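A.B. asks: here are the coordinates; sequence isn't available:
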């Protein structure tokens, strides 16, 4: 019986070590690809496009399959689309520098978001800037500036891909429809439309907190399931011991 307990403890120890090694490996891989994508963005900013193409080509599999433990997931689909968008724009002649920069930032923000591993994602800084720009328009008593509206739309186009992987479908559709109205009526934007965009953008703070809580709840649930399995296993071992002792006692009584 003691031997079974030793085996059980060894298995649990090995499970814990294996989980720790796996987690550390995943985090190391995430840190590596995040460093790579930020390097790629710096090359785009410096207009070193040949070097940027080499990095993009060399690390394609790591970029588009960063969540390789999932099949056909939203993250990989979005990353694949952004990767292809960046590749095509880099190969265009001439290169549209503004569009390429926006695509590079979007790719960086999405990859950073899905590999953040608990660290505050960079896209939150862009969301904060977008909120500030909308707030400035809302508080401006003069006629709405077309330049400011164009800036807001540009920021939205940059961060919208990361919201695809951060929000659920309903949440994304709600905020996307608001910005769609701004884009469609950019020449005659009303204060009401801007205020609604501001409200929806501010709500991202709450939505992101809820998403984090859900991730934490999932982790707790996994721990609960593992703990339940261990408890069940130990209970079964105890029951087997009880049955063995009971049968042994019956045999002893029968022979005596």
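C.D. replies: Structure received. Values in this document were obtained by computation on a predicted structure and should not be read as measured data.
A.B. asks: for the residue lying closest to residue 80 once chain neighbours are set aside, what are its contacts?
C.D. replies: Counting by C-beta to C-beta, 6 or more residues apart in numbering, residue 80 lies nearest to residue 64, which is 4.6 Å off, once chain neighbours are set aside. C-beta coordinates here come from the backbone N, C-alpha and C atoms, glycine included. In this structure, residue 64 makes contact with 76, 79-80, 83, judged by C-beta atoms under 8 Å, 6 or more residues apart in numbering.
A.B. asks: swap the cut-off to 10 Å and go again
C.D. replies: 75-84, 111 (C-beta atoms under 10 Å, 6 or more residues apart in numbering).
A.B. asks: Quick check: the two most widely separated of those residues?
C.D. replies: Between any two of the contacts of residue 64, the greatest separation by C-beta to C-beta is 15.2 Å, found for 75 and 84.
A.B. asks: Neighbour count: the two, which is higher?
C.D. replies: residue 75 (20 against 13; other C-beta atoms under 10 Å).
A.B. asks: Any regions of the stretch 1-150 of the chain where pLDDT drops low?
C.D. replies: Low-confidence segments of the stretch 1-150 of the chain (pLDDT under 70): 1-31, 67-72, 117-118.
A.B. asks: Now with 50, please.
C.D. replies: Confidence mapping of the stretch 1-150 of the chain against pLDDT under 50 gives the ranges 12-13, 15-30, 69, 71-72.
A.B. asks: Any of the contacts of residue 64 buried? List them.
C.D. replies: With neighbours counted using 16 or more other C-beta atoms under 10 Å, the contacts of residue 64 contain these buried positions: 75-76, 78-79, 81-83, 111.
A.B. asks: Would you map the helices across the protein?
C.D. replies: 2-45, 49-58, 60-64, 74-91, 97-114, 123-139, 146-166, 169-184, 191-255 (DSSP state H).
A.B. asks: in the third one, what counts as buried?
C.D. replies: Which is helix 60-64. Along helix 60-64, these residues count as buried under the neighbour rule (16+ other C-beta under 10 Å): 62-64.
A.B. asks: got CSV for the residues you listed, with distance to residue 97 too?
C.D. replies: Output for these, formatted as CSV (distance: C-beta to C-beta, whole Å):
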residue, distance to residue 97
62, 26
63, 21
64, 24
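A.B. asks: which of these lies closest to residue 51?
C.D. replies: Using C-beta to C-beta, residue 63 is the member of those that lies nearest residue 51, at 15.9 Å.
A.B. asks: measure the residue nearest to the closest one when sequence neighbours are not counted to residue 56 for me?
C.D. replies: Spatially, and ignoring its direct neighbours in sequence, residue 63 is nearest to residue 83 (5.6 Å; C-beta to C-beta, 6+ apart). Using C-beta to C-beta, to the nearest Å, residue 83 is found at 7 Å from residue 56.
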